[in-house]
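> Sequence first, then the predicted structure:
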Amino acid sequence: MSLRRMLVNGRSGGVGALRKLLRLGQRAGVTTAVRVALSFAVVAYLAHRVAELGWAQVGNSMPGSPWFYAISFVLYLLLPLSEVINYQLILRTDLRSSFAVFLRKRVYNFAVFGYSGEAYFVLWLRRHLRLSDGKALSAVKDNNILSALVSNAVAVLLSAALLFSGRIEALLGAVPGAAVYAAGCALAAVVFVPVLLRFHRSILGIPGSTAAAVVAVHALRVLAVQGLLTLQWSVALPQVPFQTWLMLLAAQMLLTRIPFLPNQDLVVLGLGLSLAGSVAAPPAAVAGMFVAAGALTQCLHLVVYALTSFDRSVRSGLTAAAKTA
């Protein structure tokens, strides 16, 4: 079988799997009581995660600069803002009024487990935009493939910079399997980029010009995140050299390449705490910086989830499987 046919069959199989999943949801039904229970469960889960960080410790160790918290807020909004732009490019429709949906999607992906937000968004697209199973799945697939391509490339570049700066040993010691993740990212970039360029019509459901625009948005977003994180850490610990932040950036990028991570933000927080001894600053100050950032992010998840629960269009994604054919 040719590679082209395999790719086409893979797309068809993915659509078929989604349809089966949605039919199961339709047969099972999602009642109002279940939806309310799910909402309370997620809110309770997020509140528990914030409490696990230790309210007293967070209060005593927070950095004093207001810029630290302002940057956290901007970082939180960058992903949903970029996704509004990308899905407008992919779907050719105005989604600015649906920003709350992308905020809810972020909560599911980062506070629950990886890609749960994608499943929610596919159902929301079916319910709200009346898209077919195939078109909804294709839009999410295209955006995620191009996002992964950019993120893997940045992870490889950061790892290479660490290698040439002589600080790769600290990264390998702090992140179990870091060498494997870096090699996997490099292999994916080397193999997948030529395949994507050659077979983009079979892999992607969007024109090449649209794909290039989406890649550009992802690249700008990833670079902005790396720059803002470095600035945020430097605001809290100005005495730490840039090479140390480079190590933390590379470690974070490699760790988030692992699919289906439960609560990515807290996993990243744990990574920061494990690397505290490698930073040229008092360990308590380093730990306080990451705990403050992690706690603030969890609080933002909690607030965003609660506020978006009042928006019926946001909740419609949860009922799509039960109410649409």
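Thanks, I have the structure now. Numbers count the residues shown, from 1 in each chain.
> Surely residue 83 is in contact with residue 140?
No. Applying C-beta atoms under 8 Å, one finds residue 83 not in contact with residue 140, separated by 10.3 Å. C-betas here are computed from N, CA, C, even on glycine.
> Among these two, which residue is more densely surrounded?
residue 83 (25 against 21; other C-beta atoms under 10 Å).
> and that one, how far is that from residue 139?
11 Å (C-beta to C-beta, to the nearest Å).
> Which SSE is immediately downstream of the strand or helix carrying residue 71?
In this structure, residue 71 is located in helix 66-91 according to DSSP states H and E. Once the chain leaves helix 66-91, the next helix or strand it forms, by DSSP H and E, is helix 99-107.
> Other residues contacting that following helix?
Outside of helix 99-107, the residues within contact range by C-beta atoms under 8 Å, 6 or more residues apart in numbering are 42, 46, 76, 79-81, 83-84, 95, 117-118, 120-121, 124, 128, 301, 304-305, 307-308, 311, 313-314, 317.
> hey, where'd the helices end up in the stretch 151-300 of the chain?
168-174, 178-203, 208-236, 242-255, 264-274, 283-308 (DSSP state H, counting those that start in this stretch).
> what about residue 75, how many residues close to it?
18.
> Surely it touches residue 232?
Yes. Between residue 75 and residue 232 a contact is recorded at 7.4 Å, counting by C-beta under 8 Å.
> shaky segments in the stretch 1-150 of the chain?
Applying pLDDT under 70 to the stretch 1-150 of the chain flags the ranges 1-61.
> Once you drop chain neighbours, what's closest to residue 239?
Excluding the flanking residues, the one nearest residue 239 by C-beta to C-beta, 6 or more residues apart in numbering is residue 281, at 6.2 Å.
> Now do the contacts for the one you found.
Applying C-beta under 8 Å, 6+ apart, we find residue 281 in contact with 237, 239-240.
> May I see the ChimeraX selection of the buried members of the contacts of helix 99-107?
Buried residues among these (16 or more other C-beta atoms under 10 Å), as a ChimeraX selection:
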select :42,46,76,79,80,81,83,84,95,117,118,120,121,124,128,301,304,305,308,314,317
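> In terms of pLDDT, where does the closest residue to residue 222 other than its chain neighbours sit?
Excluding the flanking residues, the one nearest residue 222 by C-beta to C-beta, 6+ apart is residue 154, at 5.2 Å. The model reports residue 154 with a pLDDT of 86.
> burial measure for residue 154, as a count.
21.
> Kindly report the same for residue 131.
18.
> So it: helix, strand or coil?
Put simply, residue 131 is coil when judged by DSSP: H, G, I helix; E, B strand; the rest coil.
> Next, the contact list for it, please.
Shown in contact with residue 131 (C-beta under 8 Å, 6+ apart): 91, 125, 139.
> Can you tell me which of the residues you listed has the most neighbours?
Counting neighbours by other C-beta under 10 Å, residue 125 comes out on top of the contacts of residue 131 with 23 neighbours.
> Cool, thanks, signing off.
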